[in-house]
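Undergrad: Just to be clear, the model below is a prediction. Sequence and coordinates:
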Amino acid sequence: MLDRLKKEVCEANRDLVRHHLVTLTWGNVSGYDSDSELIVIKPSGVSYEELTPQKMVVVDLDGNSVEGDLRPSSDTATHMLLYRSFIGIGGITHTHSRYGTVYAQARCEIPCLGTTHADHFYGPVPVTRPLTEEEVETGYEANTGAVIVERFANLDPQSMPAVLVAGHAPFVWGPSAKKSVENAVALEAVAEMALATQQSTLQAMQQGTHSAQELESYVLEKHYRRKHGSAAYYGQPSNSSASTQY
Ligand SMILES: O=C(CO)[C@@H](O)[C@@H](O)COP(=O)(O)O
């Protein structure tokens, strides 16, 4: 059952290492099959090198184990809530990638400072509020999902396929497990560039004479729409990234 998805999710998890997005086992990828309403997710604490499609864990949207001998990722309840809330997403990647996590720990959104960012994310990458002590004690992982969903009350998860959980790290999604990893790669790249941009102007910012310049909204609009939606014209006609919504 779900053999193709298990293979894709296994490869997507292994790709986290290839893209230098994880240290030790600090990250996980899942994929969602909308027909069966089942989630395939990395087993908790297992090294990426050891992963095989057979070791992937299958759970339903209530967290019941459906297949697999290993315990699923400790973040499974967060993934479950995102699949329930952001209808249409097919993959989720959670990492502690360095620059994305620096912004999450600073509890700062990643500002949209240039077209590299605008090509991929339609505006600043948002940061959640911190969880309360009660939320941590009464269902930490599910409540991590809840603060993400709360933050997206006025945001579109299609045009903004990423979030920073305050004091924690990024969660990124997409139409498939593979695409969610690609979005995590993009997030890390724009976070690194934004930090370098902000640091290079830091002295002037401290003196109050300069601040990092946010990208003009019309350039953001142009770059995002070149790659996303019905008016997209980036890439080749058969290239799905030209019409991909996430
Ligand atoms: O966020 C964290 C740790 O802070 C976890 O995502 C990370 O260690 C991965 O956990 P799993 O091995 O997927 O259970």
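TA: Looks like it came in fine. Keep in mind that what you see is a predicted model, and the values were worked out from it rather than measured.

Undergrad: Up against the ligand, what does this structure have?
TA: Within the chain, the positions lying close to the ligand (CB under 6 Å from any ligand atom) are 25-28, 42, 44-45, 73-75, 94. In this view, the C-beta of every residue, glycine as well, is placed from N, C-alpha and C.

Undergrad: With secondary structure, distance to residue 220 and neighbour count as extra columns, can I get the residues you listed in JSON lines?
TA: Shown next, in JSON lines, are the residues of the chain next to the ligand (DSSP: H, G, I helix; E, B strand; the rest coil; distance: CB to CB, whole Å; neighbours: other CB atoms under 10 Å):
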{"residue": "25", "secondary structure": "coil", "distance to residue 220": "36", "neighbour count": "17"}
{"residue": "26", "secondary structure": "coil", "distance to residue 220": "31", "neighbour count": "14"}
{"residue": "27", "secondary structure": "strand", "distance to residue 220": "29", "neighbour count": "24"}
{"residue": "28", "secondary structure": "strand", "distance to residue 220": "31", "neighbour count": "28"}
{"residue": "42", "secondary structure": "coil", "distance to residue 220": "34", "neighbour count": "30"}
{"residue": "44", "secondary structure": "coil", "distance to residue 220": "38", "neighbour count": "15"}
{"residue": "45", "secondary structure": "coil", "distance to residue 220": "40", "neighbour count": "12"}
{"residue": "73", "secondary structure": "coil", "distance to residue 220": "34", "neighbour count": "26"}
{"residue": "74", "secondary structure": "coil", "distance to residue 220": "36", "neighbour count": "12"}
{"residue": "75", "secondary structure": "coil", "distance to residue 220": "31", "neighbour count": "21"}
{"residue": "94", "secondary structure": "strand", "distance to residue 220": "26", "neighbour count": "28"}
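
Undergrad: closest to residue 14 among those residues?
TA: The shortest approach to residue 14 among those belongs to residue 42, at 9.8 Å (CB to CB).

Undergrad: For the nearest residue to that closest one once chain neighbours are set aside, list each beta-bridge partner.
TA: Excluding its sequence neighbours, the residue lying closest to residue 42 (CB to CB, 6 or more residues apart in numbering) is residue 28, at 4.2 Å. The partner list for residue 28 in beta bridges (DSSP bridges) reads residue 94.
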